[in-house]
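> structure for the following, please:
(2 chains)
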Amino acid sequence: MTAAATTLQHAAPPVSGPRALIQRLRHGDEIAHLLTLTFAAAILLLTSMLVWELWVNSHLSRAKFGWNFFWTQTWDPIFDTFGAAPFIYGTLITSIVALSLAVPLGLASAIFLSELAPRKISDTVSFLIDLLAAVPSVIYGLLGIFIVVPLMRTWLGPALIATLGKLPVIGKLFAGPNYGVGFFTAGIVLAIMVVPFIISVSREVLLTVPREQREAALALGATRWEATWQVVVPWARSGIMGSVFLALARALGETMAVTMVIGNDPKISASLLHPGYTIAAVIANEFTEATGDLYLSALIELGLVLFLMTFILNGLARVLIVATERGGGRPA
Amino acid sequence: MNRALLLWRKTLNIVMLTLTGVAALSVVSVLFLILGYLIWHGGTSLSWSFFTQLPKPVGETGGGMANAIVGSLKLLLLAAVMGLPVGLMAGVYLAEFGGKTFSFVVRYTTDLLNGVPSIVIGIFAYSLVVLPVKHFSTLAGGFALGIMVIPITVRSTEEFLRSIPNTLREGAMALGASKWKTIATVVLPAASGGILTGMLLALARVAGETAPLLFTAFSNRYWSPGWGQPIASLPVMIYTYAIAPYDDWHRQAWAAGLVLLGLVLLANLGCRLVLNRGGAVRSV
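Numbers count the residues shown, from 1 in each chain, chains lettered A, B, ... in the order given. I've put the predicted structure just below:
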């Protein structure tokens, strides 16, 4: 890898034939290289096997329902009719609610940590936020059931119906009845779970913005906020988008916390206060109870759908973050 | 006119900057809220029997989660045995041997694997380990967690190996050591602190995973001898107890939550403090 290493390796005079091979093996480097390479290749193998297993084991369901799987709204194990529409809907809606709460909160916090807070405070707060990211999702679910759901049932839900529910178009999103469990509750819990990711990635990206950019804006008479909002944030735009995609990928795949607060009812309803279901939640709840082969296969196909969604988002996120950190961000 | 505009800009400046501070403060306060609530609820439910007794049958109060604590440890042991070596070796490959294209592919796949939802990992472990033998087992649960350990270990190992200055490698080679000897006796020991903490962080992360265990390790209300039977674990117990309709079970869920969160946060706290200190030394 290093310059010195390569010169050393080539220092020995080249010998040809089987003796050369033995000599090279005795040296040990080739063996070590091969050994570590095997383990690296094992990761590739494992990941391809994962995709393969999902593909093969969902065969029954794919053969029977085809593309109809995606827009069929019935999920009926007794009559062997399986449609993914309510679950895809629930997964997307909860994630959208989560992001619309978490992105403003996370971006604001990241701006505070990178632009305003002194380095020491910024590091300490980031440290605490990293700890928040380490809290297991089942703990969020536990707090969701016993704190967020009652709060939603007795106070926040009725408040939303009384205020936003009265507005002409948005009102549909906040129509009763309000059970406490549902899309919105799941969205709140998810928002708390993904906010640490948005903050830590956005902060890193904002810190890579050259100082000259800020200084130039301030020198032109911009206030601190204007310099941040009109110069620094646009510069880091694609990296911030990357952090949002990462958060979205996590929100889509999150299982336990959502399962515990969404109400587990496979219905598509316009109101965010109604109970719903997500892909991950239905797999968690019904996988062990899936009696028929087709039932199991349909659940595995749902897993495949979830995998593909997160796969695409993660890829996009990575490209965006790398692009910004290489200085590819363009000022607006 | 101009003065009004200036005033508006200054006000906006102050308002928005204050809001960012409020946002950061509220996010951090969530951590303390979670901690406080768990200590308050879990602390009052925690007792000695929680650590020493088996779960009682439905309807009887009391009992503990001794089997789940041991179960979590056994699953973590399996995850460590299966995942850590793969992660370590692949990390060494990426940092010390890797070429360009293949390394890029491995790195990309590793990130991808890291982003796979844990429930999908559960399906994978189910179809690979549970389906052939037709019953849930400790082995299957450990396998699922082991896969999740790999990507985290790879990235942290690579990162710490890369932070070792090249002068160290050159020094060893100048003394006549071959490349693998340099790695094994100089580079790895120098990075060992970081690599080990990285591994511990990886284990702490999977210690709280529930979804991949639901249909691999399943659960068990009794002890699970050996490695071939379903086994209880703390996260799965928290889940089943939290959604059950019994008050006594809820109390136990809080207690288990406190124990789990305490362990995970302590491991994280310790690791990150060590890493931060190491980071300061490294950057000099």
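> and the longest helix for the chain?
Looking at chain A here, since you left the chain open. Taking DSSP state H as the criterion, chain A has its longest helix at helix A:293-325.
> right idea, wrong chain: chain B
Longest helix in chain B, counting by DSSP H: helix B:2-45.
> so what does that one touch, helix or strand wise?
On a contact count with 3 or more C-beta pairs under 8 Å, 6 or more residues apart in numbering or on different chains; DSSP states H and E, helix B:2-45 meets helix A:85-111, helix A:119-134, helix A:137-143, helix A:183-207, helix A:224-227, helix B:247-283. In this view, the C-beta of every residue, glycine as well, is placed from N, C-alpha and C.
> so which residue of the stretch 1-150 of chain B comes closest to chain A?
When scored by C-beta to the nearest C-beta, the stretch 1-150 of chain B has residue B:117 as its residue closest to chain A, at 2.7 Å.
> now the helix or strand that contains residue B:110: buried residues?
Residue B:110 belongs to helix B:101-115 when assigned by DSSP states H and E. Within helix B:101-115, the residues that count as buried by 16 or more other C-beta atoms under 10 Å in any protein chain shown are B:102-103, B:106-107, B:109-113, B:115.
> the inter-axis angle of that helix versus helix A:293-325?
Taking axes from the mean of the first three to the mean of the last three C-alpha atoms, to 10 degrees, one finds that helix B:101-115 is oriented at 120 degrees with respect to helix A:293-325.
> could you point out which element follows helix B:101-115?
helix B:118-125.
> can you give me phi and psi for the closest residue to residue A:232 other than its chain neighbours?
In space, and not counting its chain neighbours, residue A:232 is closest to residue A:209: 5.1 Å by C-beta to C-beta, 6 or more residues apart in numbering or on different chains. Dihedral angles phi and psi of residue A:209 (degrees, to the nearest 10) take the values phi -70, psi 130.
> got it, and residue A:78?
Dihedral angles (degrees, to the nearest 10) for residue A:78: phi -70, psi -40.
> go on, residue B:224?
phi -120, psi 90.
> count of neighbours near it?
The number of residues packed near residue B:224 is 21, by other C-beta atoms under 10 Å in any protein chain shown.
> and the closest residue to it other than its chain neighbours, what is it in contact with?
When the adjacent residues along the chain are set aside, residue B:224 lies closest to residue B:231, with 4.0 Å between them (C-beta to C-beta, 6+ apart). Contact partners of residue B:231, counting by C-beta atoms under 8 Å, 6 or more residues apart in numbering or on different chains, are B:67, B:71, B:74-75, B:137-138, B:141, B:217-220, B:224.
> again, but for residue A:41
Residues in contact with residue A:41 (C-beta under 8 Å, 6+ apart) are residue B:106.
> which helix or strand contains it?
Going by DSSP H and E, residue A:41 is in helix A:29-57.
> residue B:151 and residue B:106 touch, don't they?
No - checked against C-beta atoms under 8 Å, the pair residue B:151 and residue B:106 is beyond contact range at 10.5 Å.
> who touches both of these two?
Shared contacts of residue B:151 and residue B:106, defined by C-beta under 8 Å, 6+ apart, are found at residue A:43.
> show me what counts as buried in the helix holding residue A:41.
For helix A:29-57, using 16+ other C-beta under 10 Å, the buried residues are A:29, A:32-33, A:36-37, A:39-40, A:43-44, A:46-47, A:50-51, A:53-54, A:57.
> one more: stretch B:145-157?
Neighbour count says stretch B:145-157 has B:145-157 buried, by 16+ other C-beta under 10 Å.
> narrow the residues you listed to those in helices?
Among the buried residues of stretch B:145-157, the members falling in helices (DSSP H) are B:145-157.
> which ones, among those, also lie beside chain A?
When contact is defined as C-beta under 8 Å from any C-beta of the partner chain, these meet chain A at B:147, B:150-151, B:154.
> how far off centre is the helix or strand residue B:76 falls within?
Using DSSP H and E, residue B:76 sits within helix B:66-92. With C-alpha atoms, centre = their mean, to the nearest Å as the basis, helix B:66-92 stands 11 Å off its chain's centre.
> can you pull the contacts of the residue nearest to residue B:91 when sequence neighbours are not counted?
With C-beta to C-beta, 6+ apart as the criterion, residue B:91 has its nearest non-adjacent residue at 2.7 Å, and that residue is residue B:157. By C-beta under 8 Å, 6+ apart, residue B:157 lies in contact with B:87-88, B:90-92, B:95, B:191, B:195, B:198.
> try 7 Å
Contact analysis of residue B:157 by C-beta atoms under 7 Å, 6 or more residues apart in numbering or on different chains lists B:87-88, B:91-92, B:195, B:198.
> what's the answer for residue A:173, then?
Here residue A:173 is in contact with A:270-272 (criterion: C-beta under 7 Å, 6+ apart).
> so which of these also contact chain B?
Among the contacts of residue A:173, not one lies near chain B by C-beta under 7 Å from any C-beta of the partner chain.
> looking at these, which are in strands?
Using DSSP state E, no member of those falls within strands.
> what about the nearest residue to residue A:286 once chain neighbours are set aside, how many neighbours?
Excluding the flanking residues, the one nearest residue A:286 by C-beta to C-beta, 6+ apart is residue A:299, at 6.3 Å. Counted by other C-beta under 10 Å, the residues lying close to residue A:299 total 26.
> ok, now which ones touch residue A:299?
Contacts for residue A:299 (C-beta under 7 Å, 6+ apart) come out as A:283, A:286-287, A:290.
> of the residues you listed, which is the most crowded?
Going by other C-beta under 10 Å, residue A:283 tops these with 26 neighbours.
> number of nearby residues for residue B:45?
When neighbours are defined as other C-beta under 10 Å, residue B:45 has 17 of them.
> thank you, goodbye.
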